[in-house]
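S.K.: Make a model of this:
(chains A and B)
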There are 2 protein chains.
Amino acid sequence: MTVNAEKAAVLAPDDVTFVSGELRPYLADLLAREQAAWKERAGASWADLPEALAAYLGGGKGLRPRFCYWGHALTGEGASPQLLQAGAALELLHTFALIHDDLMDNSDTRRGRPALHRAIAARHRRDGRAGDPDQYGLAMALLAGDLAFSVASRLAAALPAPAVTAWSRMVDELVLGQFLDLAGSARQDRSREVACATTLLKSGQYTVTSPLRIGAALGGVPELPAELVRYGDLAGEAFQLRDDLLGVFGDPRRTGKPVGDDLMSGKPTQVLALAADMLPPYGQALLALAGTSALTPSDAAELTSELTRCGARDRVEQKIRRNVDLACALVDRAVLPSRAGDALRKLALAAADRQW
Amino acid sequence: MTVNAEKAAVLAPDDVTFVSGELRPYLADLLAREQAAWKERAGASWADLPEALAAYLGGGKGLRPRFCYWGHALTGEGASPQLLQAGAALELLHTFALIHDDLMDNSDTRRGRPALHRAIAARHRRDGRAGDPDQYGLAMALLAGDLAFSVASRLAAALPAPAVTAWSRMVDELVLGQFLDLAGSARQDRSREVACATTLLKSGQYTVTSPLRIGAALGGVPELPAELVRYGDLAGEAFQLRDDLLGVFGDPRRTGKPVGDDLMSGKPTQVLALAADMLPPYGQALLALAGTSALTPSDAAELTSELTRCGARDRVEQKIRRNVDLACALVDRAVLPSRAGDALRKLALAAADRQW
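M.R.: Alright, predicted model coming up:
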């Protein structure tokens, strides 16, 4: 299946219109053609996987394509059909990352709905298929992630060389960040270094800086201005710090994740790294249980309170605030078209203040 | 990390020398640089994942790079540094496929050694890390597969456009073939159509035709001659049919897989599709259990005997023989440099006659 980009030139006046008015229909069309190709090759009843992917792709805030849009707009270049390809590649890569993350974390839910592997297992059970439903759910979700990654890679490979370079770097960082997250949890690492590296790689660069860089590369600017690299890393870190706080203190009805999830898994977050310095002995004893099966739900609730009491939570809130302020100031310093500057300030705030 | 291909121009006089003398050192160097990059970004003790990948990459027959080598040699073009990149991409893609396959099939072993997820789980257990060892093994192996896929995609994206097109097509086919394998097992599909489509996609095109096509594309021939497409599909099908027979009748000491593995999982293979037509009632009753937990090891042993007795095994052997004969005849008909013709005949025979 090849992508017909010529038909679709981006005309949207802002990132929100770009995502809802152009990127979503483009992605729907792309996946419909993927489904048709599968049906043609394997028969009408064998297109479950692209169907599952299409159903999964609807949600989300489209943050990465939105940053990509502004990275491109900054260059002053007009409508680019390749912006749609890049945006679609970013959304599919994120879909891959979420599906595989949920397998790696053995999560039950995503965005308040069953995680993909759980949904597929439930369907296998309902239809009375052969074999173990949970193993089937795992296998099919894993493959759905692989499919998303492969379509994303195909789209990315067709971009101009500087954008391909930025893309490859982003994917490398995503994998390394996820590795630090998993290995840091297993080693119960509470160092600031690992927590900060994980934040930066897993989310800072992946969510903001790299999409900006890809967008700029599409507009013929292979080197993102230093202010914007710094903006991206700061806003991205704020995004991830908010994620970390929501993972501990968030309302499960809004986050769609079970309460205390990140404490049960003992992820190497900055809030836990701070807590390792700030907690009194009782809290330290609880912290030592994070990530092990010895941590009970009531321990997790206690630890949550201790994290607030010792001031670690406040320190992270302050860092989020400081990051957003600095990021906005950097936007002021970079000489940008005003609507781009306004949008980047708004996006940094939105990433840092979201409730889910 | 960028790949320095200029240093390495392919000089090997044949596929075996290419893989052992040039590709293996190139891959070792590539992964050593990947490890160094990880250490630089995350600290000296955080490079387990590229290390695991490097350890995993040693085994295997290197079939896909060997076909790629000949696809390139056929074009009459001389040494190409990009042949090394393509060969490395093919080996890494295959590594990704094996690691993820073992997770999807919940396999204990690969090539007679513990599957990667089992090895990582054992190490987690031995080191007394936090969290569930099996879940950690799953998560890290999944991510190791993702890393292999991402490095493979990065190498492939740097190839000339016709080779990238051939690459994308191959990856699509690999995912679709794996889907048919999983979904066919769950649906207990015993149709010839699905069995043949799975064989063709999962192995025929992936193992032979696509690597030939990529090699030819590197040599400036974007359209593989029809005889060679047919050769590739036939030899690749023979390869997969041998795999299917080994999965049922193979000696576990040589295959490195438990006996009766494919019957326990009920894969939609051609030998089972034939059996659905040829088995007498008792065998049919056993076949209906394949892929369900109701099939005991002694049932599997009985079913194995029945598959021989009813003639299904012989029919598959005949088809392998016929495919190899036809494939060799097509090589004769295509006008090829004689050493390429000899090599392709030898490879078709080797793929069909291997014991493991």
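
S.K.: which outside residues touch stretch A:339-354?
M.R.: Stretch A:339-354 is contacted from outside by A:14-15, A:61, A:63, A:66-67, A:70, A:73-74, A:207-208, A:231, A:234-236, A:238-239, A:241-242, A:320-321, A:323-324, A:327-328, A:331-332, A:334, A:336, using C-beta atoms under 8 Å, 6 or more residues apart in numbering or on different chains. Glycine gets a C-beta too; all of them are placed from N, C-alpha and C.

S.K.: And residue A:239, how close does it get to residue A:333?
M.R.: Distance, residue A:239 to residue A:333, by C-beta to C-beta, to the nearest Å: 21 Å.

S.K.: Between those two, which is the more surrounded one?
M.R.: A direct count of neighbours by other C-beta atoms under 10 Å in any protein chain shown for residue A:239 and residue A:333 places residue A:239 higher, at 26 against 12.

S.K.: Against which helices or strands is the strand or helix carrying that one packed?
M.R.: Counting by DSSP states H and E, the element that carries residue A:239 is helix A:226-249. On a contact count with 3 or more C-beta pairs under 8 Å, 6 or more residues apart in numbering or on different chains; DSSP states H and E, helix A:226-249 meets helix A:63-73, helix A:192-199, helix A:210-218, helix A:261-265, helix A:270-278, helix A:297-309, helix A:312-333, helix A:338-353.

S.K.: buried residues in the longest one?
M.R.: Within helix A:312-333, the residues that qualify as buried are A:312-313, A:315-316, A:319-320, A:323-324, A:326-328, A:330-331, counting by 16 or more other C-beta atoms under 10 Å in any protein chain shown.

S.K.: just the third one next, same as before
M.R.: Along helix A:210-218, these residues count as buried under the neighbour rule (16+ other C-beta under 10 Å): A:210, A:211, A:212, A:213, A:214, A:215, A:216, A:217, A:218.

S.K.: So is the helix or strand where residue A:36 lies next to chain B?
M.R.: Element membership for residue A:36, per DSSP H and E: helix A:24-42. Yes - Helix A:24-42 reaches chain B (C-beta under 8 Å from any C-beta of the partner chain) through A:37, A:38, A:41, A:42.

S.K.: Highest neighbour count among these?
M.R.: Among the residues of helix A:24-42 next to chain B, the one with the most neighbours (other C-beta under 10 Å) is residue A:38, at 24 neighbours.

S.K.: Tell me the confidence at it?
M.R.: Looking at residue A:38, its pLDDT is 91.

S.K.: ditto for residue A:44
M.R.: At residue A:44, the model reports a pLDDT of 83.

S.K.: coming back round to it: which elements pack onto the helix or strand that the helix holding residue A:239 is followed by?
M.R.: Moving toward the C-terminus from helix A:226-249, the next helix or strand (DSSP H and E) is helix A:252-255. Packing partners of helix A:252-255 (3+ C-beta pairs under 8 Å, 6+ apart): none among the helices and strands.

S.K.: chain center to helix A:252-255, what's the gap?
M.R.: 17 Å (C-alpha atoms, centre = their mean, to the nearest Å).

S.K.: Name the SS class of residue A:179, please.
M.R.: Secondary structure, DSSP: H, G, I helix; E, B strand; the rest coil: residue A:179 is helix.

S.K.: tell me, how many neighbours does the residue nearest to it when sequence neighbours are not counted end up with?
M.R.: Nearest residue to residue A:179 in three dimensions, chain neighbours excluded: residue B:49, at 5.2 Å (C-beta to C-beta, 6 or more residues apart in numbering or on different chains). Neighbours of residue B:49 under the rule other C-beta under 10 Å: 25.

S.K.: Pretty sure residue B:49 sits against residue B:142.
M.R.: No - counting by C-beta atoms under 8 Å, residue B:49 does not reach residue B:142; the two are 10.9 Å apart.

S.K.: Just the closest of the residues of helix A:24-42 next to chain B to residue A:280, please.
M.R.: residue A:38 (58.0 Å; C-beta to C-beta).

S.K.: residue contacts, that closest one?
M.R.: Going by C-beta under 8 Å, 6+ apart, residue A:38 touches A:46, A:47, A:49, A:50, B:176, B:179.

S.K.: Which of those lies at the shortest distance from residue A:282?
M.R.: Nearest to residue A:282 among these, counting by C-beta to C-beta, is residue A:49 at 49.4 Å.

S.K.: For the closest one, give me its contacts.
M.R.: Residue A:49 neighbours (C-beta under 8 Å, 6+ apart): A:38, A:140, A:143, A:144, A:147, B:175, B:179.

S.K.: Going by distance to chain B, which of the buried residues of helix A:312-333 wins?
M.R.: residue A:312 (20.0 Å; C-beta to the nearest C-beta).

S.K.: quick one, phi psi at residue A:113?
M.R.: Dihedral pair for residue A:113: phi -120, psi 170, per degrees, to the nearest 10.

S.K.: ok, what's across the strand from it?
M.R.: With DSSP bridges as the criterion, residue A:113 is bridged to residue A:110.

S.K.: Could you report the pLDDT at residue A:139?
M.R.: We note a pLDDT of 97 for residue A:139 in this prediction.

S.K.: hang on, it in a strand?
M.R.: No - according to three-state DSSP, the state of residue A:139 is helix, so it is not within a strand.

S.K.: who touches the closest residue to it other than its chain neighbours in this structure?
M.R.: Spatial nearest neighbour of residue A:139, chain neighbours left out: residue B:104 (3.7 Å); criterion: C-beta to C-beta, 6+ apart. For residue B:104, the contact set (C-beta under 8 Å, 6+ apart) comprises A:138, A:139, A:142, A:143, B:178, B:182.
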